[in-house]
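S.K.: After the sequence you'll find the predicted model.
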Amino acid sequence: MKSKLAILMAFLLLLQLTSCNSNKKANENTLLVIDRLGREIHVPKKVDRVVGLGPGSLRTLLYMDALALIVGVEQNEGRDMTRPYNLANPEISELPRIGPQHGGEAELILRVRPDVIFLSFTTMANADALQAKTGVPVVVIETPEMAVEQDELFDTLKLVGRIINKNERANALISYIKTNIEELEERTRNITSKPKVYIGGVSYQGARGFYSTQINYPPFIFANAKNVASEDNNSSEVKGVSIDKEKLLIWNPDFVFVDESGINLVKEDYNSNPTLFHSLNAVKKDQLFCTFGYNNYSTNYEMVLANSWYIAKTIYPDAFKDITIREKLNEILTTFLGRNISLDAFKHSFNKLDKSNL
């Protein structure tokens, strides 16, 4: 009996030692991270192959200078040429497809053998399920609104940087964003006479018309602009909202900006009620401009900054005499995406709109 007990104890001790050695080896080869949902995940210390699933995930990897690590993309990626990161990285159109947008397909993901899967706009249950199906660490990231959720954005950049060994890149990008916002604030802080501004055609869950706006429109916040929609509503809402037509007549903005993503619907709104448009001071005084539609499969952050500089220079020309929008746009695109993009791709954006062509 004692002999059997001794053998059993020895066997259990051997199992414990084996487990300890296995855990030690795992700890030597993996990194414990906490993703944006608070999940603890062990990822390889050396990551050579990644995929980004969900709105903004691939874009985040490209911001982080990780093109060489990306081994597959969702069906829609690389084909929508209204997204600057697609224009700057034509190589991604040649990568294997790993399923539809908003999460891909487990079987197709496995075929490209990623070391880590980055996933956005998901739940803990869905992330755990994908990890169980693939056996690949799934790290949930955030691609939040830029003006009031900056910390969340910066935390995502740091998290991705830690996993793919791009800490310096994360810090450089965060510093660049902060510097731009601080300079815009410095240039506009003491301007006392601020014209009233309105942004129409703001997209959310698809293109929208002229009466779609944003109470907390980040470029207006960064440019210290007097947004008529927020003057009338102090909500913290960050998504687009629809307003009553009569509101515009009451607000009567001095400058009107149109989000290019909604420009065709704005034209339809104009044709259905041209009298309203021509009653606005901005239209009467030919102060109608077009901004880039940056809400496209989540936020194109570089274009938020580009719009901010364009709007600031438009409404406060004296404070931005030394700024050339073309040069500033080139700088921003190169910093975020590593490459410049032909401005011909932006069509109406960063230009004055001819009201006669609406």
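M.R.: Everything's here; your move.

S.K.: Can you list the strands that the helix or strand residue 32 falls within pairs with?
M.R.: Using DSSP states H and E, residue 32 maps to strand 30-34. Partners of strand 30-34 in the sheet, by DSSP bridges, are strand 40-44 (antiparallel).

S.K.: Am I right that residue 117 is in a helix?
M.R.: No - under DSSP: H, G, I helix; E, B strand; the rest coil, residue 117 falls outside any helix and is assigned strand.

S.K.: And for the closest residue to it other than its chain neighbours, the neighbour number?
M.R.: Excluding the flanking residues, the one nearest residue 117 by CB to CB, 6 or more residues apart in numbering is residue 138, at 4.7 Å. For the C-beta atoms, the positions are set from N, CA and C on the backbone; glycine is no exception. Counted with other CB atoms under 10 Å, residues neighbouring residue 138 total 25.

S.K.: Check what contacts the strand holding residue 32 and list those residues.
M.R.: 40, 41, 42, 43, 44, 45, 139, 159, 162, 163 (CB atoms under 8 Å, 6 or more residues apart in numbering).

S.K.: what's near enough to touch the second one?
M.R.: In other words, residue 41. Per CB under 8 Å, 6+ apart, neighbours of residue 41: 32, 33, 34, 35, 131, 137, 138, 139.

S.K.: of these, closest to residue 303?
M.R.: residue 139 (25.3 Å; CB to CB).

S.K.: just to revisit the earlier point, next one: phi and psi at the residue nearest to residue 117?
M.R.: Dihedral pair for residue 138: phi -110, psi 120, per degrees, to the nearest 10.

S.K.: Can you check the pLDDT for it?
M.R.: pLDDT, residue 138: 97.

S.K.: and if you look at residue 7?
M.R.: On pLDDT, residue 7 comes in at 61.

S.K.: With residue 28 instead?
M.R.: On the pLDDT scale, residue 28 gets 80.

S.K.: Check residue 79 too.
M.R.: We have a pLDDT of 76 for residue 79.

S.K.: Enumerate every residue touching it.
M.R.: Each residue near residue 79 by CB under 8 Å, 6+ apart is listed here: 86, 93.

S.K.: so where's the protein uncertain?
M.R.: Residue ranges of the chain with pLDDT under 70: 1-27, 232-239, 343, 345, 356-358.

S.K.: at 80 instead, please
M.R.: Residues of the chain that meet the criterion pLDDT under 80 lie in 1-27, 78-82, 204-206, 231-240, 340, 342-347, 355-358.

S.K.: ok, the residue nearest the centre of it - contacts?
M.R.: Nearest to the mean C-alpha position of the chain, counting by CA atoms, centre = their mean, stands residue 299 at 3.0 Å. Residue 299 makes contact with 56, 143, 144, 145, 146, according to CB under 8 Å, 6+ apart.

S.K.: Quick check: it vs residue 162, distance?
M.R.: For residue 299, the distance to residue 162 (CB to CB, to the nearest Å) stands at 22 Å.

S.K.: I'd like to know which of the contacts of residue 41 are buried.
M.R.: Buried members of the contacts of residue 41, counted by 16 or more other CB atoms under 10 Å: 33, 35, 131, 137, 138, 139.

S.K.: List just the nearest of these to residue 113.
M.R.: residue 137 (13.0 Å).

S.K.: In this structure that closest one contacts residue 117, no?
M.R.: Yes - judged on CB atoms under 8 Å, residue 137 makes contact with residue 117 at a distance of 6.9 Å.

S.K.: Find residues that contact each of those two.
M.R.: Common neighbours of residue 137 and residue 117, using CB under 8 Å, 6+ apart, are residue 131.

S.K.: one step back: got the contact list for the residue nearest to residue 117?
M.R.: Counting by CB under 8 Å, 6+ apart, residue 138 has contacts 41, 116, 117, 119, 127, 128, 130, 131.

S.K.: rewinding a little: please report how far the residue nearest to the centre of the chain lies from residue 219.
M.R.: For residue 299, the distance to residue 219 equals 12 Å [CB to CB].

S.K.: Residue 272 too?
M.R.: Applying CB to CB, the value for residue 272 to residue 219 is 27 Å.

S.K.: Likewise for residue 304?
M.R.: 6 Å.

S.K.: So for the two, which sits in the more crowded spot?
M.R.: Using other CB under 10 Å as the criterion, residue 304 and residue 219 rank with residue 219 on top: 28 against 25.

S.K.: can you give me phi and psi for that one?
M.R.: phi -60, psi -30.

S.K.: which residues of the stretch 1-150 of the chain fall in strands?
M.R.: 30-34, 40-44, 50-53, 70-72, 116-119, 138-140 (DSSP state E, counting those that start in this stretch).
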